Every structure is written in structure tokens, then in C-alpha cells.
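Novice: got a structure for you, letters missing:
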């Protein structure tokens, strides 16, 4: 394929990605907690869903406030067993709790979509004011089940132009919080969830409607390595997964350090209705450290915290790694002569670093990701040719500035150097202005541009509200 | 505010005190009052404030009642003097059970509405003896019997106030028990006719 062909392909993928990823961007602002504690969204969020330091501590602690006491919980839970039953275990069921009110919350997003896209034949398609009202509806259930158990479930409904509805189970996880050892040193989760290997710069800090595609939507599969972003393909190759099905442990060490280790299905879906594409499991890990500001568990060291609760002058730096196994999973690829062959990603490794700095009303953060894949062609049930190992690089940097407590501006720059070095580097710019009309109602204007091919851009107006 | 009065009032109390070799009190005794603050709790109720060790002999404790009403133990916390018999009454249309996994452990069985069962708390070796009351039929039900060495105690109300009436003059340690929080005891000197106020702040 010629270089111009790659341009066209990646441009199309860019726009496909805008269409797909933005519609399924996960949002985790859970009004069920506002009801439980009878508190404002701003207790935990800056401009939702972006968390402040207190909200991050609340999340990491399994949806429990730092130093939480009984009087902070305004909706007392329903006991499923008196605490004294612990003394009787295993001759009695370990006691637990459920919320006294059904902990459901709804998040609705409406979008006025305007896009310009460069087609393969050189023409440009414009879409003006496509009123996607609504674009998606998220239904959440989240809370705690007694002292050491918490959960999150999220179902996203998207309405399609043909009036059909797409449904995605985005999260369904059960978590055991500090079941033993020092508080917050060990948490364990099982289910489908956003892995903590990326949580932080993928969701929790996300201020834009568009996802960080350079990190999460890259397709490493190609005859000479990956050439750009993945579309809606199956099985879905992995750059860094936004969601995993698996188990994970994480914890906070001495208020400041976070450790994460997880095990996940990996590339899927597989044949015969399986979620996993093969029997091997992927593993991931992360370690980071926070200097200054509030501790990751909400500890303040007895020092006063800023009156403006979005401020948290601090620096957080970390490293992460993900290793996957795609052996036995075929990705069809078409060579220049038109023949289709199968490529397998025998194993792949992603390593990265990231940092986030808060100073007053400014938050600058970013991540760098390096990926290496071991690719091999397969034909007639056997390997063909040698294994080759292309590598790719992706990074982004983003600045969020809070002009007023209700108004935030965001600028992000993303860059992706595909594994196939003959393919062009992808560069994307995103500008977002978010205004909280109310604590739970947000209006956004967002401009996204393909910085390499200016004909590809979008300008969307969005309203999101949660209740 | 909940307060404890015993044995038919001051006359009987005075008679009991006169029989004691160690008693040095007037017939009326003195009141100790104060408040209990349970840090982090929505309620300051159900803290038992008691004199840790009082000398003298005390009248036999009368029978007391712990109800099971609306699927709750009522009162939630019942302090009793050593040797007291507690009558457990089921007021609900559903069957209830009463058992305790603490101390000598007991299980009184399960019985229907309107019936009672008695249990004498005579085996406490080291005061206070706390018995968690549970119901096998309704695992969320929980109550407490706190067995104390003497009859000088009170249970705090929702506002935290407590009053212990009729305390003989002397020097004591005033202690407090709560199911979820604690605080160290405090020394107190009681003089005849001079009410004493003492507050507690409890923390987990």
C-alpha cells in the first residue's frame, strides 16, 4: 500500500474512531453517592467526571470517604446480619449490608455533531448539526456492601440512526476492600472493569468527550506492523485495554504510593461464544508515587487542605506495563496482491510512564507508551515465515485549566508513531470548553482535529447530565 | 434520657445501704450527670456509664425485660447488675430466637408472640460482661446486655445525657462502655449533696 493509501486509510479510521469512541466514552460520575452522603458532586469531582484528590481517594478506597464515620452516611444501610455474627463464622454467614435506597443513577449525553472527513477518493464529507439527542444513556449501580465490599455496574445504551439500540455492559465488578492487613494496602476486584493500570489518565482525569485514542485504540496488526487506529473489528486487538475481564489487586502504600497487579482475558472475543480469544491470560502492573498534595487515601498529614477543593498542588509519577498473549488468535490481513492471510500477535508488551502535575487551577498530565508486538503469518494451520517484532510509540499531553469553579478549558495533543514506519505518524489536537450549568449538568464545546490532514475535524456541542 | 432506678426507690436503697458494712452514704445518695459524645456517630445513645467498683452490698436485682419488638431488641442496650434475671419477651407476630455467642454463651431457643423466656446473668467473672444478643431467625437483629458489678449506672440518651442517681459518697472510677467506641475511665469523688458532672468523648 502506498503512503497516500495509508493516509486515506488512517484518516478514515480517525473518523470512524471519532464516531465510535466518543459515543462509548465511559463516564464515572455516580449520583448515587451524592444521595448516599447527601453531598454535592463537587465533593469528589472538579468538572465531572474528572475527580479531585478527595474523589480519587474515595474511588481507590472502594467508595468510602477518607476517615468515613457513620454520621457522614445520610442513608443508613440495611443490615444483612449483625456484626457479632463474625464471631460465629464459619457457623454463620459473614454479616454484610446493602443500601437502604436502590443505588441507581442515570447519565444522559446529547450531542450536536459536526464533522468533516476526507474520503478515499479525495472528496470531503461534511455532517452539519446531526442532533444525536440522546447519543447515549448510562445506567449506574454503585455502592458498598458493608465494611469491606464494594461494587460498580454500568450499562450504556446508545441509540442508532435506524432506531435500534446498542447496549454495552461497561462495568460489572465486585471489590473486596482492605480484607486484611493495613487499611487500603490491599484491594481486590473481580469482573469487568477499567483496569487501574490505566485508570487515572483514561477515565478519571478525562475532561474531553473524545477518548485518548492514540493510547487505547491503536491497531498493532499489519503486514509490516500496525498502521493506525483500529476500527470496530473483531477480535479487537489490544493497545492498552480500556476495559478488561479479569481480577486485579491494588493498594496504597503509606498514603503516597499505588501498586497495581492484574490478570485479564486479553484479546477477544474468541470462537464459539467465548470472551477470551485463547486460553492464555494477559498480565499488567503499575506503580506510582504522589509527591505533595493530599495522600492517595485522602490523608492530609494533619495539614490544612486548600479551601478550593480542586486544588491539590502535587506531582504524581508512575510506570506501567501490560503483557498480552495473542497466540492462536487470527487477524485477517490483506497483502498488496489481494490475498488474505492470517496474522497472529503471539505476544505483546506495552510499557509506559506517566505524570500528572497540579498547580493551583492548572493540571498538566500525560503519558508515553511503547509497544512491541511479535507478529507472525499463519496459513494452512501453520506458521509462515519468521516472527517480526514491530514497535510503536504513542504519547499525549493534556492541560486542564479551571477558569471558574464551573468553567474549564482543556487542550490535548496526541501523537502516534505506528509500528509500520512507512505509515504516517498520527497527530491529533483536541480543545474542549466545559461549563457546569449546575453541579450535575454540563455543557461542552469540543473541537478535534487531525493535525496531519486538516480536512478531518469535528466540532461538537454536548450536554451531559446525571441524576 | 434514660436513667436507671432500682429496688423500689430510695427507701429500699437506704435500707440496703444500712445493712452494708462499707456503706458511707446518706439515704438519698448523690447524682452523677453528664454527657457522652460518640465521635463520628449520628447518635450519642446507648453508652453505658457506670461506676467501676463500688464497695458495699447491694439489694438483689429485680427482673428486667428485653423486648423483641418490630424486629429489634428493645432497649438496644440493657445494663443490669450482676445476678439480674432478664425476661425476654417476643412482641412480634413472627417467631424470635435469642442467643449470645459471648462469655458462657447461651441459646434460649425460639418462641412465638407473647411468650417469654428468662435468663439469669450470674456467671460474670470480670465486669463488665457484655453479651451480644442475636436472633437466628433475623440475623440483622442485635442487642446488648451489659452486666455490671453494682447498680450505679445509666444509659445515655440520643442527646448523650445520662444521670446516675443515688451514688454513695466516695471516690470511684466512672467508666463508659459503648458497642462501637470507647474512652478511658475517669476518677470521680462523690460528696453527699453535691451533684457531680462528668462528660465523656468516645472514639472508635
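Specialist: Cool, got the structure. Predicted model, so just to flag it, every value in this text is computed and none were measured.
Novice: C-alpha from now on. contacts and neighbour counts both.
Specialist: Fine.
Novice: count of neighbours near residue A:314?
Specialist: When neighbours are counted by other Cα atoms under 10 Å in any protein chain shown, residue A:314 registers 18.
Novice: what sits up against stretch A:93-106?
Specialist: Taking contacts as Cα atoms under 8 Å, 6 or more residues apart in numbering or on different chains, the residues outside stretch A:93-106 that touch it are A:30-33, A:75-83, A:85-86, A:137-147, A:466-467.
Novice: quick one: the helices in the stretch 51-200 of chain A, in order.
Specialist: Counting by DSSP state H, counting those that start in this stretch, one finds helices in the stretch 51-200 of chain A at the ranges A:53-60.
Novice: re the thing from before, among the contacts of stretch A:93-106, name the buried ones.
Specialist: Buried by 16 or more other Cα atoms under 10 Å in any protein chain shown: A:30-33, A:75-77, A:79-83, A:85, A:137-146, A:466, out of the contacts of stretch A:93-106.
Novice: follow-up on the earlier one: of the contacts of stretch A:93-106, list those near chain B.
Specialist: When contact is defined as Cα under 8 Å from any Cα of the partner chain, the contacts of stretch A:93-106 meet chain B at A:79, A:80, A:81, A:82, A:85.
Novice: which element, helix or strand, includes the residue nearest to the spatial centre of chain B?
Specialist: For chain B, the residue nearest the mean C-alpha position is residue B:79 (1.7 Å; Cα atoms, centre = their mean). Using DSSP states H and E, residue B:79 maps to strand B:77-81.
Novice: which residues are in contact with the following helix or strand past that strand?
Specialist: Using DSSP H and E, the helix or strand that follows strand B:77-81 towards the C-terminus is strand B:85-90. By Cα under 8 Å, 6+ apart, the residues outside strand B:85-90 that reach it are B:61-69, B:96, B:111-121.
Novice: of these, which ones also sit close to chain A?
Specialist: Within the contacts of strand B:85-90, nothing lies near chain A by Cα under 8 Å from any Cα.
Novice: let's see which of those end up in strands.
Specialist: Judged by DSSP state E, strands contain the following of the contacts of strand B:85-90: B:64-69, B:96, B:111, B:116-120.
Novice: just the buried ones among these, please.
Specialist: Buried among those (16+ other Cα under 10 Å): B:65, B:66, B:67, B:68, B:69, B:96, B:111, B:116.
Novice: pull up the per-residue confidence for residue 5.
Specialist: By default, I'm working from chain A. On the pLDDT scale, residue A:5 is placed at 38.
Novice: that answer is for a different chain, and I need it for chain B
Specialist: Looking at residue B:5, its pLDDT is 39.
Novice: next one: the one 10 residues further on
Specialist: The predicted structure scores residue B:15 at 38 on the pLDDT scale.
Novice: could you do the one 10 residues further on as well?
Specialist: At residue B:25 the predicted local distance difference test score is 38.
Novice: in contact with residue 146, which residues?
Specialist: Picking chain A for this. Here residue A:146 is in contact with A:95, A:96, A:97, A:98 (Cα under 8 Å, 6+ apart).
Novice: my bad, the chain I had in mind was chain B
Specialist: Counting by Cα under 8 Å, 6+ apart, residue B:146 has contacts B:77, B:78, B:79, B:80, B:128, B:129, B:130, B:131.
Novice: nearest to chain A among the residues you listed?
Specialist: Each of the contacts of residue B:146 was scored against chain A by Cα to the nearest Cα, and residue B:131 proved nearest at 10.1 Å.
Novice: give me phi/psi at the closest one?
Specialist: The phi and psi torsions at residue B:131 (degrees, to the nearest 10) take the values phi -110, psi 120.
Novice: around chain B, which positions in chain A sit nearby?
Specialist: Chain A has residues A:69, A:70, A:71, A:72, A:79, A:80, A:81, A:82, A:84, A:85, A:87, A:88 near chain B, with proximity defined as Cα under 8 Å from any Cα.
Novice: need these in JSON lines (columns: pLDDT).
Specialist: Below are the residues of chain A next to chain B laid out as JSON lines (pLDDT from 0 to 100):
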{"residue": "A:69", "pLDDT": "89"}
{"residue": "A:70", "pLDDT": "87"}
{"residue": "A:71", "pLDDT": "87"}
{"residue": "A:72", "pLDDT": "90"}
{"residue": "A:79", "pLDDT": "95"}
{"residue": "A:80", "pLDDT": "95"}
{"residue": "A:81", "pLDDT": "95"}
{"residue": "A:82", "pLDDT": "96"}
{"residue": "A:84", "pLDDT": "95"}
{"residue": "A:85", "pLDDT": "95"}
{"residue": "A:87", "pLDDT": "94"}
{"residue": "A:88", "pLDDT": "95"}
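Novice: what's the farthest-apart pair in those residues?
Specialist: Using Cα to Cα, the residues of chain A next to chain B span at most 29.3 Å, a distance reached by A:72 and A:88.
Novice: the more surrounded of the two?
Specialist: Set residue A:72 next to residue A:88 and count neighbours by other Cα under 10 Å: residue A:72 wins out with 17 against 11.
Novice: any weak-confidence spans in the stretch 1-150 of chain A?
Specialist: Where the stretch 1-150 of chain A drops to pLDDT under 70, the residues are A:1-28.
Novice: go on, the stretch 301-450 of chain A?
Specialist: Residue ranges of the stretch 301-450 of chain A with pLDDT under 70: none are present.
Novice: so where do the helices sit in it?
Specialist: Under DSSP H, counting those that start in this stretch, the stretch 301-450 of chain A gives no helices.
Novice: residue ranges of the strands in it, please?
Specialist: A:314-324, A:331-334, A:340-359, A:362-379, A:382-388, A:391-404, A:407-417, A:426-438, A:441-450 (DSSP state E, counting those that start in this stretch).
Novice: who in chain B is up against chain A?
Specialist: Contact residues, chain B versus chain A (Cα under 8 Å from any Cα): B:40, B:41, B:42, B:101, B:132, B:134, B:138, B:139, B:140, B:141, B:142.
Novice: buried subset of those as a PyMOL selection?
Specialist: Command for PyMOL that selects the buried part of those, burial taken from 16+ other Cα under 10 Å:
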select buried, chain B and resi 40+41+101+132+134+138+139+140+141+142
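Novice: take the residues of chain B next to chain A and keep only those in strands.
Specialist: Reading strands off the residues of chain B next to chain A with DSSP E, I get B:132, B:134, B:142.
Novice: related to what we said a few turns ago, can you redo the ones in strands among the contacts of strand B:85-90 as a markdown table with distance to residue A:176 and pLDDT?
Specialist: A markdown table is the format used below for the ones in strands among the contacts of strand B:85-90 (distance: Cα to Cα, whole Å; pLDDT from 0 to 100):
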| residue | distance to residue A:176 | pLDDT |
| --- | --- | --- |
| B:64 | 42 | 95 |
| B:65 | 40 | 97 |
| B:66 | 37 | 98 |
| B:67 | 36 | 97 |
| B:68 | 34 | 97 |
| B:69 | 34 | 96 |
| B:96 | 32 | 96 |
| B:111 | 38 | 96 |
| B:116 | 41 | 97 |
| B:117 | 40 | 97 |
| B:118 | 41 | 97 |
| B:119 | 40 | 98 |
| B:120 | 41 | 97 |
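Novice: make TSV from the residues you listed and add distance to residue A:382 to it.
Specialist: Formatted as TSV, those follow (distance: Cα to Cα, whole Å):
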residue	distance to residue A:382
B:64	84
B:65	81
B:66	78
B:67	77
B:68	73
B:69	74
B:96	69
B:111	73
B:116	79
B:117	79
B:118	80
B:119	79
B:120	81
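Novice: tell me which two of the residues you listed sit farthest apart.
Specialist: B:69 and B:120 (21.1 Å).
Novice: can you pull the pLDDT of the residue of the stretch 351-467 of chain A found nearest chain B?
Specialist: Nearest residue of the stretch 351-467 of chain A to chain B: residue A:467, at 26.3 Å (Cα to the nearest Cα). At residue A:467, the model reports a pLDDT of 94.
Novice: contacting residues for it?
Specialist: Taking Cα under 8 Å, 6+ apart, we find residue A:467 in contact with A:31, A:32, A:105, A:106, A:107, A:440.
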